[in-house]
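sequence and computational prediction follow.
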Amino acid sequence: MTRLSTGWKRAAAVALASVSMFSITAASAVEVTVWCWDPNFNGATMKEAAARYSAAHPDVTFNIVDFAKADLEQKLQAQLASGTTDGLPDIVLIEDYGAQKYLQSFPGAFEPLNSAVDYSGFAPYKVELATVNGQTYSLPFDSGVTGYFYRSDLLGEAGFTAADLQDITWDKLIEIGKAVKEKTGGILLPIDPNDAGWLRIMMQSAGSWYFNPDGSVHIADNPVLKASIETYQRLLAAGISKPVAGWTEYTGSFTSGDTLSTFTGVWMVGTIKANADQSGKWGIAPLPALDGVEGATNASNLGGSSWYVLASSAEKAEAVDFLAQVWGKDVDFYQKILVDQGALGSLLAAREGEAYKASDAFFGGAPVWQNFSDWLGKIPAVNYGIFTNEADAAVVAQIPAITSGGNVDEIIAAIDSQVRQQVQ
Amino acid sequence: MSNPLALLGRVATYLLLIVAAIISVFPFFWMAVGATNISADIIKGKASPGGALIQNLSVFFNSVDMPRILFNSFLIAGLGTALTLLISSLAGYGFEIFRSKFRERIFGGLLLMLSVPFAALMIPLFIMMANFKMINTYQAIILPTVASIFIIFYFRQATKAFPHELRDAARIDGLKEWQIFLYVYMPVMRSTYAAATIIVFMANWNNYLWPLIVLQTNEMKTLTLVVAGLTSAYTPDFGVVMVGAIFATLPTLVIFFLLQRRFVEGMLGAVK
Amino acid sequence: MAQSGLARNEQVSGWLFIMPALVLLGLFMIYPILWSLWMSFQVGRGMAFSFGGLTNIIRLTQDPVFIRALTNTLIFLAIQVPIMLILALLFANALNDSKLWGRGLFRTAIFLPCVTSLVAYSVVFKSMFAQDGVINQFLMFAHIIASPIPWLADPFWAKVVVISAITWRWTGYNMIFYLAAMQNIDRSIYEAAKIDGVPAWARFWYITVPMLKPVILFTTVISTIGTLQLFDEPNLLTQGGPSDSTLTLSLYIYNLSFKFMPSFGYASTVSYVIVVLVGILSLIQFLLAREKRA
């Protein structure tokens, strides 16, 4: 607690210093352009932040442009590659998995923010993933802190309560799934066979990734990766899951009661709460931990994104100041976006606000946000490296072998050789 | 017709056509039904009309600046189509009427150029547009599509059916070459132009990858980009997406219905 | 003198008519093509390039993902193009009958798919082929299948969905080409054949098909290029999955350029594989057409 509050004070001091530094340049009217990808989520939070900043700085206006996420990434990559800075925005939202790829492929394209932002106030794993050679480039935004979302009413019918799901392991969850199926016939989990999110979640929960901190491939000799795939195979073999194809079917499966639970990022809260008739019927437990793996925890991450300032930006000073002022320290702002958009930021001080302390009747009156921000601080930091998309593609190519119960060592060897071929 | 075998064949033909027509039209029907349902029902595969049309429409119009977006789309597709028809038909006509060995070689090379995937050309094109200071402009979208190799091919084919006697007569009357093209060729080939209009308008209207890279602001976006954006949210509202999909389909449908009689005639000319 | 003046006039006009298109193509086509050709010999990540000679070509032969993409693309080509063109030919032949009731209606209906907006098409198809989607509901209702088919989650069925989707979109388009060409065939040939007692299938096979050879060649070349560049359907419906079963060369190029660590040099090399394939296949098709005519 003390560590937190000193961090908070330091953040304020640094931010204050940067205000006086930039106040000279922010004299004339400027427009800051921001690219983001979901008008109802990160776009809406950005609008709120912009409104707050413009209220204090009437000379700064914002142009918030939203694209489809894949489209935004394509635009950004094409423009950075073309070497022309025409048309690039001032601030851009980048998904955390891709951060290192952009930072390392296009050196000099992004502005380090160390002098304006106090990073000790943010979740450590968010800072780590945007740091290259000691310089940090992002203003950490939403977290993908994971949880186990379940229908408390339907698991209750089979005799399981919240206490049974507290800090358990995957093997315990498999047992619960079997027991539920036996008692009520319910299927515990939807599984998308074209998605490798489960592996990323499991690996990071034990502080491991496809790559070593130095960027070298860490697949064939990675005990955590092996344990994760074995766990997943046990989960599939237990007959407690149902295959779904694509995002829509996946979310449709557990929101319709077809399956009873899922493990995913905190941003799923909005999708679940959209079904108002299910209020009080949901619970959220910590993610199950891997069995018998060194460093295994009950906290992990899936997705999440952060804001970056383009070094070529003409409005750089304003953009940096804006991020530092609002996103870097405005606790009240974080309460507002939590209530309105369900956006869980990475600013640790935000958890001291009212909204974070509130309990949610939808989830049986549990202090949902307090729990998530507890788990957020525990997420092991890993270096996502620059080839996460390539590694993901290699894993997805092996999923038929994984689901059909193939030999784990052979599967891992195949993933390893494809990744090594692709990263040359 | 009294032949039972022929009768059987006739029944089979109708059956084939009816099945094909139903399969072809069904997704349109489904899109219309979807626009009247809420997102959760669409995901569950509900195939009957619901009562959410008004709600979906109002969400769509509240989140999309329709007049501006439609203006962009129609300007880009309309102007692009007009210029493509002019430039590409000129070239198709030129290749067919005035032949030389060298120009035949160029024509042959066009086919190979057609086979280079666009993804490979996007980066250099973008660098060029940046050098021309044309990022986020209408002309950056329109100009690269105007000389369409496929349409040049198509007009060259069609020109084979253009009667030589007409051209000779016009020459004797003292018309210059450009006058022959403008006053004789274009009116005679109007059904070919009608057919090409549908094809080119459709391609321009649906153009996605390139406008995505070049257009930078919400005010410049086309309807195709906007509707694609609707599908990419963490929790897309499929009812609203269906409304967008209908609006994105309507203009090409209308153009097709308006021009389809000419279209069949035009195709007829093209492949003679 | 007059003769050569006319010839020169022809030459000048010939260039003038094609000049606007050539200038635009030179700028927006030839320059980017040369750039990408040069790129295909470069190696490196992001924007740090160096000349790599044949490195990229050697990399192709060792790249399991490329081999998968190439195989998938050729499978799509070998199965989809013939199905689509044969269907188009059959529909055109049926609609060519002037006594057929509702010709215009059928023609419009079958042509309709190709004017759909791409975005609309992807959304509609994805939801139709969902596990609980309307296709599975219908097939189960009709007792054709006992349990839902995992259309987009199974490598085999995902290929089927992609092939069905392309066929749905482009059959009517090709049909119109055939239909138009059929209407040009002299009616009297058919009448004579009918009087001689030639059955309908033989009239189709021995009169219609040979007369349509130039159009069939044209549509085959265009469809071949289209399928070798296949991008929209796998990108929108399956993202190349599950497990790369619908990954095409164009989608792989896209991934290499915009999704993975950008390696534009290698992506360009893969692009030229498509160009080479188009060149070879066009040559074979032209030679086959010529041989049959001889």
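Yep, it's here.

assumed residue A:294 was part of a strand.
No. Using DSSP: H, G, I helix; E, B strand; the rest coil, the assignment for residue A:294 is coil, not a strand.

okay, it: pLDDT?
Note for residue A:294: predicted pLDDT of 88.

so it sits right up against residue A:206, yeah?
Yes. Between residue A:294 and residue A:206 a contact is recorded at 7.4 Å, counting by CB atoms under 8 Å. Any C-beta I mention is one placed from the backbone N, CA and C, and that applies to glycine too.

out of the two, which sits in the busier spot?
Higher neighbour count among residue A:294 and residue A:206: residue A:206, with 22 against 11, using other CB atoms under 10 Å in any protein chain shown.

residue contacts, the more buried one?
A:224, A:227-228, A:289-290, A:293-297, A:380 (CB atoms under 8 Å, 6 or more residues apart in numbering or on different chains).

tell me the most packed of those residues, by neighbour count.
residue A:290 (26 neighbours).

show the contacting residues for the nearest residue to residue A:351 once chain neighbours are set aside.
Nearest residue to residue A:351, sequence neighbours excluded (CB to CB, 6 or more residues apart in numbering or on different chains): residue A:373, at 4.1 Å. By CB under 8 Å, 6+ apart, residue A:373 lies in contact with A:145, A:344, A:348, A:350-351, A:356.

quick check: phi and psi at residue A:373.
The phi and psi torsions at residue A:373 (degrees, to the nearest 10) take the values phi -70, psi -30.

check the one 4 residues further on too.
Torsion angles at residue A:377 (phi, psi; degrees, to the nearest 10) stand at phi -70, psi -20.

pLDDT score for it?
The per-residue pLDDT of residue A:377 was computed as 87.

quick check, it in contact with residue A:123.
Yes. If you go by CB under 8 Å, residue A:377 and residue A:123 touch, sitting 6.2 Å apart.

looking at these two, which is more packed in?
Using other CB under 10 Å, the more surrounded residue of residue A:377 and residue A:123 is residue A:123, with 23 against 15.

any weak-confidence spans in chain B?
Per-residue confidence for chain B (pLDDT under 70) gives these ranges: B:1-2, B:43-45, B:232-235, B:263-272.

which residues are in contact with the residue nearest to the spatial centre of it?
Nearest to the mean C-alpha position of chain B, by CA atoms, centre = their mean, lies residue B:202 at 1.5 Å. The contact partners of residue B:202, taken as CB under 8 Å, 6+ apart, are B:252, B:255-256, C:114-115.

pretty sure residue C:253 is touching residue C:273, no?
No. Taking contacts as CB under 8 Å, residue C:253 lies outside contact range of residue C:273: 9.3 Å.

neighbour count for the two, which is higher?
Higher neighbour count among residue C:253 and residue C:273: residue C:253, with 26 against 21, using other CB under 10 Å.

now do the same contact list for that one.
Taking CB under 8 Å, 6+ apart as the test, what residue C:253 contacts is B:117, B:119-120, C:267, C:270-271.

what's the pLDDT at it?
For residue C:253, the model assigns a pLDDT of 88.

buried ones in the host helix or strand of it?
Secondary structure from DSSP states H and E places residue C:253 in helix C:249-254. The neighbour-count check on helix C:249-254 (16 or more other CB atoms under 10 Å in any protein chain shown) flags C:249-254 as buried.

got those as a markdown table, with distance to residue C:192 columns?
Converted to a markdown table, these look like this (distance: CB to CB, whole Å):
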| residue | distance to residue C:192 |
| --- | --- |
| C:249 | 48 |
| C:250 | 48 |
| C:251 | 51 |
| C:252 | 53 |
| C:253 | 53 |
| C:254 | 54 |
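
show me the contacts for residue B:75.
residue B:138.

apply 10 Å and report the result again.
Contact analysis of residue B:75 by CB atoms under 10 Å, 6 or more residues apart in numbering or on different chains lists B:138, B:141-142, B:222.

may I ask which two of these are separated the most?
Pairwise distances across these peak at 11.7 Å for B:142 and B:222 (criterion: CB to CB).

okay, and the common contacts of the two?
B:75-77, B:204, B:207.

strands along the stretch 1-150 of chain A, start to end?
Secondary structure of the stretch 1-150 of chain A (DSSP state E, counting those that start in this stretch): strands located at A:30-36, A:60-66, A:91-95, A:131-132, A:135-136, A:138-140, A:146-151.

out of those strands, indicate the one that is most buried.
Of all those, strand A:138-140 has the most neighbours on average by mean count of other CB atoms under 10 Å in any protein chain shown, namely a mean of 28.

for that one, give the mean pLDDT please.
For strand A:138-140, the per-residue pLDDT averages 94.

show me what it is packed against.
When contacts are defined as 3 or more CB pairs under 10 Å, 6 or more residues apart in numbering or on different chains; DSSP states H and E, strand A:138-140 packs onto strand A:91-95, helix A:124-128, strand A:305-309, helix A:316-322.

for chain B, find the nearest of those.
Among those, the nearest to chain B by CB to the nearest CB is strand A:305-309 (10.9 Å).

do stretch A:406-415 and chain C meet at all?
Yes. Under the criterion of CB under 10 Å from any CB of the partner chain, chain C is reached by stretch A:406-415 at residue A:414.

hmm, who's touching that stretch?
A:196, A:199, A:210, A:217, A:219-222, A:225-227, A:229-230, A:232-233, A:391, A:393-402, C:64.

from chain C, how far off is residue A:73?
Applying CB to the nearest CB, to the nearest Å, the value for residue A:73 to chain C is 7 Å.

isn't that residue up against residue A:99?
No. Look at residue A:73 against residue A:99 with CB atoms under 10 Å: they stay out of range, at 11.6 Å.

looking at these two, which is more packed in?
Taking other CB under 10 Å, residue A:73 and residue A:99 do not tie; residue A:99 has more neighbours (24 against 21).

skipping its backbone neighbours, what lies nearest the more buried one in space?
residue A:130 is the one closest to residue A:99 (CB to CB, 6+ apart), at 5.0 Å.

show me what contacts the one you found?
Here residue A:130 is in contact with A:94, A:96, A:99-100, A:102-103, A:110, A:112-113, A:119, A:122, A:136-140, A:306-308, A:384 (CB under 10 Å, 6+ apart).

make it 8 Å
With CB under 8 Å, 6+ apart, residue A:130 has these contacts: A:96, A:99, A:103, A:136-138, A:140, A:306, A:308.

got the phi and psi for it?
Backbone geometry at residue A:130, expressed as degrees, to the nearest 10, gives phi -110, psi 20.

give me the pLDDT value at it.
Note on residue A:130: pLDDT of 92.

next, work out how far apart it and chain C are.
Taking CB to the nearest CB, one finds residue A:130 at 17 Å from chain C.

how close does that residue get to chain B?
On the measure of CB to the nearest CB, residue A:130 and chain B end up 21 Å apart.
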